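> I would like to see how this sequence folds:
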Amino acid sequence: MPGSVTATVRGREHDALTTSILRDTDILYVTRVQKERFDSVDDYDKVKDAFVITPETLSHMKTTARVMHPLPRVGEIDAACDADPRAAYFRQMKNGMYVRMALLRLTVG
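Take a look at the predicted model:
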């Protein structure tokens, strides 16, 4: 919903990514706050940085957790997270490309 940013954990929404939430997270799926969905730039500016994933954020997560993102990112994941093995978004992008290639092959021969 424009004007608010929340995190959903097991069906519950949270206004912040607290250490206790991150500690129990297996998959953190991050998307950008979509500027085009807001009525004003001021409303967007109020929430655009509500959830920014940093190495500090990752330090509270399980070693087996994964961070996913549909890309491209617009500041919601610090580039310093890219080298972390839990950062799955580049693998996610690559695998998505292969799936699209296979679907195209099936549909057009």
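
> for the helix or strand harbouring residue 20, list the C-alpha coordinates in CSV.
Residue 20 belongs to helix 19-23 when elements are defined using DSSP states H and E. C-alpha atoms of helix 19-23 as CSV (Å, rounded to 0.1, in the frame of the first residue of the first chain):
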residue,chain,number,x,y,z
THR,A,19,16.9,-8.8,15.1
SER,A,20,14.4,-11.3,16.4
ILE,A,21,12.6,-11.3,13.0
LEU,A,22,15.8,-11.6,11.0
ARG,A,23,17.1,-14.4,13.3
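
> below-threshold pLDDT in the protein: ranges please.
1-12 (pLDDT under 70).

> now do the helix holding residue 20: which elements does it pack against?
Identification of packing neighbours for helix 19-23 by 3 or more C-beta pairs under 8 Å, 6 or more residues apart in numbering; DSSP states H and E yields no helix or strand. In this view, the C-beta of every residue, glycine as well, is placed from N, C-alpha and C.

> now do that helix: distance to the chain's middle.
Helix 19-23 sits 16 Å away from the centroid of its parent chain (C-alpha atoms, centre = their mean, to the nearest Å).

> in whichever strand or helix holds residue 95, which residues are buried?
Take DSSP H and E as the rule and residue 95 turns out to sit in helix 89-108. Using 16 or more other C-beta atoms under 10 Å as the burial criterion, the residues of helix 89-108 that qualify are 89, 92.
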